[in-house]
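> Return atomic coordinates for the entry below.
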Amino acid sequence: FPKRRSVAIRCSYLLRNRSAVALRDIHVSIPERVRVNRLDLPAHDVLLEDKTLGYRILRLRNPIAPGDSIDLGFDLAADNPGFVNNGTHTTVIDNGTYFTKRDFFPVIGYDAHRQLDKSDERRKRGLEPVIHFPKRDDVAARQNTPRASDADRVEFESTVSTSIDQTAVTSAPAATQNPPSVATPNSPSWRDGVSP
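Reported below is the predicted structural model:
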């Protein structure tokens, strides 16, 4: 909603256990500025909820067996009311909007983008340095995408809504716009895009 400088996201993830053991705990990071209206997950207990950092550890009452999967549904919102002295967010503004999944969507598991990466700070706390790039001869590292070492390709479907005077666009490389009878001019839908 560009005129209101806000975003509303309703989505779901399919979480698959690709390990050889049952998965009981799910770590979820949601950007601090995002309001969680709903988080749908099979029966679970909240082990940790840090609202300041947007970090949760959820323990499933029935662990996910190897090869099985569950749905994680969510309804999120982010608003930009008024003015701030610093750190203003320009992802959703009235004359153009650009955001990525990292701006608003949940991250499952360890999120390296949130770790302390300043060398001096890590050294003060007795932490190992962060290695940002693999060595040139690291053949195993070439098998991973730069975004996530365990990322699968996903089936992607989106409906992007905006003001009538703007054009909605999505980033799936294979995205195709549905026929006009399905989508209004300011709310096109895309399906079957594949995104890493």
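> What pLDDT is listed against residue 43?
On pLDDT, residue 43 comes in at 92.
> Count the neighbours of it for me.
The number of residues packed near residue 43 is 8, by other C-beta atoms under 10 Å. C-beta here means a position set from N, CA and C on the backbone, and glycine is covered the same way.
> and the closest residue to it other than its chain neighbours, helix, strand or coil?
In space, and not counting its chain neighbours, residue 43 is closest to residue 61: 4.2 Å by C-beta to C-beta, 6 or more residues apart in numbering. Under DSSP: H, G, I helix; E, B strand; the rest coil, residue 61 falls in the strand class.
> Over to residue 129?
From three-state DSSP, the assignment for residue 129 is coil.
> And it, how close does it get to residue 117?
Separation of residue 129 from residue 117 (C-beta to C-beta, to the nearest Å): 9 Å.
> any idea how far the nearest residue to residue 32 once chain neighbours are set aside is from residue 100?
In space, and not counting its chain neighbours, residue 32 is closest to residue 54: 4.6 Å by C-beta to C-beta, 6+ apart. Separation of residue 54 from residue 100 (C-beta to C-beta): 16 Å.
> out of these two, which sits in the busier spot?
Between residue 54 and residue 100, residue 54 has the larger neighbour count (other C-beta under 10 Å), namely 19 against 9.
> doesn't residue 27 make contact with the more buried one?
No. Here residue 54 does not reach residue 27: they are 11.6 Å apart, not a contact under C-beta atoms under 8 Å.
> Which parts of this structure are strands?
Per DSSP state E, the chain carries strands over the ranges 6-16, 23-29, 35-40, 44-50, 55-64, 69-79, 92-93, 96-97, 107-108, 154-159, 189-195.
> what's the neighbour count on residue 9?
16.
> count of residues packed around the closest residue to it other than its chain neighbours?
Closest residue in space to residue 9, ignoring its immediate chain neighbours: residue 76 at 4.5 Å, by C-beta to C-beta, 6+ apart. Counted with other C-beta under 10 Å, the neighbours of residue 76 add up to 20.
> which residues does residue 76 contact?
8, 9, 10, 11, 30, 34, 35, 36, 37, 104, 105, 106 (C-beta atoms under 8 Å, 6 or more residues apart in numbering).
> Tell me the buried residues within those.
9, 30, 34, 36, 104, 105, 106 (16 or more other C-beta atoms under 10 Å).
> what helices or strands is the helix ranked longest in the chain leaning on?
Identified as the longest helix of the chain according to DSSP state H is helix 119-124. Judged by 3 or more C-beta pairs under 8 Å, 6 or more residues apart in numbering; DSSP states H and E, helix 119-124 is in contact with no other helix or strand.
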